[in-house]
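Asker: please find the sequence and the predicted model below.
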Amino acid sequence: MRFFVLLIALSCISNVSKAQNKAAQDSLKTKELNEVIVVQKKKAIEQKADRTIFDFSEQAHLNSGSVMEGLKKLPGLIISDVAGMMYQGKQLEVYMDGRPLNIYSNELNSYLESLPANAIEKVEVITQPGAEFPATSGGAIINIVTSKRAKNYLTATYSNGYSYTKYDDSRHKFNNSLLVSAKNSILGWQVQVGQSYNESYQRSNFYSPDEVISKNVSDRINRFYFIKTGLKFDFKKDRLLVNYDFNTSANTSYINAEGFGFTSSDKGMTDIDRHDVMLTYQKRFEDITKKLDFRFNYNVNTNDFGLLSRDTNSFGLENLSDQKFYQFKTDYSQEVNFLEESKWSVGALADRLDFTTKSFGTENLDYWRTTLAAYTEWQTTYKKFDFILGGRLESYKIEGNTDTGSLTPFDLVKFFPNATVQYNLMEQVSFNANYNKKISLPNTYALNPNNTNYQNPNVSFYGNPNLDPTIFDNYEIRLSAYEYFFIGYSVSDANNQVVNRIIQTNDGAASTSINVPRLTVHNFNFGLPIPYMLFTKGLKETLSFNFNPDEINFMYFYVGHQKHVLDDIDYKGFWVFNLMSQLQLPAKIKFTANYNTSTKGGNYQYYAIRYPLSQQFDLTFSKKFLNNNLSMSVYINDVFNTNKQKLGAIGTNLLYDSKYDSRRVGFSLNYKIPTKNRLAKVENNMLNNDKKEEGGLLNN
């Protein structure tokens, strides 16, 4: 009964929000304006048929600190040293502004740790990618959308942040960024520049019941600089978009280690440069439902890693990798008079990846692959049902050489179907069922035969150039209500899954990637917002109260259960919990508390969970000043210093644990330089101007 009472309350919240949005729109209609300006309050969490959208721009507890720190607070998202990035049991392919980052593992973690979260507009987690998304998206996609600020006049936003931690010594982190943009009837431009400096600490141990294999203590300094640019040329109805992104980082770590038979003192140095160019031509027609886009993307990523022994002043590792990615794609869509509302899409794609690695000047991997694809998808509505039916035909060819011989060629042509049916029980209440077949190609980090991590005589890390792709069958059912409540169950069945394993060696332990015949992941998840006024005012007064749902006191509760089924182990599931509470304090100060934890005793692939994953309690206080142009927040992450990892390597007697300086105290601010034209229309973001609405991967 209480469950249905909550649904009724949520329905009333939704209706009040709609009435307020309509009133805001009506109040902005004036005789002097030639256009109607729509002002709509952003939603903290928004549920769509194929994705969940998390707003970063207005959520101080998410946009204070780094992007990585914000992502770790999202309900259902797990990030760990060994698990990588997973949402509701599905491994995530990481995109930014609608295009793949093509960076992985430690390099990806370093990038997200360095990028300030106040440069992010929103994060979309696409759990049901349709045919318009590449089949190589695997199980799911996370798309990080950068800030929108392009307007019909010069505008600028300055952001910065600082945080402090003390773990046997004081360490500091700060960032600065500036976003400037302007446009006229022909040309628009947008430039975002920034930097970050991060000092951090980590200890990690490999050990067995009999001996300590390796005990490491690391001090790290990361320096990161980035620039994101966008140009938009308008030709009547058509548009040409030119984007160029560049980031560079210089990371240094000082590692002291000891273990059975050795002690060492080393210095790790990593220099990374990444260039990304995107050209998009958008053809538009008299029939505004028709859209034709052509896109070309090129990015190059170089990673130069060296490990210097401070004891002998000689290099133990000197590894270089160079990755080049080319992609061309075209998409066409139009509405069709069929049933009540229908849309048809078709497109094609061609891409190529070249990846080379060197160790002490010797090329030990030359890897290349090409993909050709074509897709079609049909979306239609009939009465209370929405249907999506599509498919992609993709061709893959993979070849390469190592310094000892040729890789086994891989050649595959395969059809990847997808289907979704949604039944709308009532307004904003729906039941959704989805199936899609996808593929995941081995990422270049897993392929790299060179070690781009720290190693010592007892512990090593290396990739596997002979990995094969993974084929996924993904199934999901989901009930959603009023955008905040949902309950769902999904199954991802993978053949030839690529997994990371820790194995025992003659010298100690090694981490590598292998293919396993089959991995099935079962995931249950549940999310529910609970307005506190239900308990203080009662249901009757809550239903009659006129309020903004994003400015009330509430708690958001999330629970998920994952089970990773492998044929050769005794598998067990584990639970994941997230609690987020928002309180409006006097003087319009917003207080947010966020708690994440999980149960122990289950397994993630070949790792036994001995300590809760990402157990952390965070506090954030935020307030706006100067007519809401200045936003400030103060935060404490991991108040009780409980975020650590302890995992057992299944199939061995080895244990791994790690702890970093996750308890941080800091502040951040965003300052929007005010302008006289306060009703100027917000244009599409030139850093993310794609084909689908709601800021998706292919938005217009």
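Answerer: Yep, that arrived.

Asker: in stretch 229-239, which residues are buried?
Answerer: Within stretch 229-239, the residues scored as buried using 16 or more other CB atoms under 10 Å are 229-230, 232, 239. Quick note: C-beta positions are derived from backbone N, CA and C, even for glycine.

Asker: may I have it as PDB, with CA atoms only?
Answerer: Taking Å, rounded to 0.1, in the frame of the first residue of the first chain, the C-alpha atoms of stretch 229-239 are listed here in PDB:
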ATOM      1  CA  THR A 229      37.000  24.100 -29.800                       C
ATOM      2  CA  GLY A 230      33.900  24.300 -32.000                       C
ATOM      3  CA  LEU A 231      33.000  26.200 -35.100                       C
ATOM      4  CA  LYS A 232      29.500  26.200 -36.700                       C
ATOM      5  CA  PHE A 233      28.900  27.600 -40.200                       C
ATOM      6  CA  ASP A 234      25.200  28.100 -41.200                       C
ATOM      7  CA  PHE A 235      24.300  27.800 -44.900                       C
ATOM      8  CA  LYS A 236      20.500  28.500 -44.900                       C
ATOM      9  CA  LYS A 237      19.200  25.200 -43.600                       C
ATOM     10  CA  ASP A 238      22.500  23.300 -43.700                       C
ATOM     11  CA  ARG A 239      25.300  23.400 -41.200                       C
END
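
Asker: any residues touching it, and which ones?
Answerer: With contacts defined as CB atoms under 8 Å, 6 or more residues apart in numbering, stretch 229-239 is touched by 150, 183, 185-192, 240-245, 280-285, 685-687, 689.

Asker: just how off-centre is it within its chain?
Answerer: Here stretch 229-239 is found 28 Å from its chain centre; the criterion is CA atoms, centre = their mean, to the nearest Å.

Asker: ditto for stretch 255-267
Answerer: Stretch 255-267 has its average C-alpha position 35 Å from the chain's average C-alpha position, going by CA atoms, centre = their mean.

Asker: that stretch spans what distance, first to last residue?
Answerer: Taking CA to CA, to the nearest Å, stretch 255-267 runs 6 Å from one end to the other.

Asker: quick check: buried residues in that stretch?
Answerer: Across stretch 255-267, burial judged by 16+ other CB under 10 Å covers 255, 257-259, 264, 266.

Asker: out of these, what pair is the most spread apart?
Answerer: Based on CB to CB, the longest span within those runs between 259 and 266 and measures 13.2 Å.

Asker: in the stretch 501-650 of the chain, what residue spans correspond to strands?
Answerer: With DSSP state E, counting those that start in this stretch, the ranges of strands along the stretch 501-650 of the chain come out as 509-531, 554-566, 574-585, 589-598, 603-604, 607-609, 616-625, 630-637, 644-649.

Asker: out of those, nearest to residue 310?
Answerer: With distances scored as CB to CB, the stretch of the strands of the stretch 501-650 of the chain nearest to residue 310 is strand 509-531 (23.3 Å).

Asker: what about residue 586, neighbour count?
Answerer: Neighbour count for residue 586, taken as other CB atoms under 10 Å: 5.

Asker: same question for residue 388.
Answerer: Residue 388 is surrounded by 21 other residues when neighbours are defined as other CB under 10 Å.

Asker: do residue 167 as well
Answerer: By other CB under 10 Å, 17 other residues sit near residue 167.
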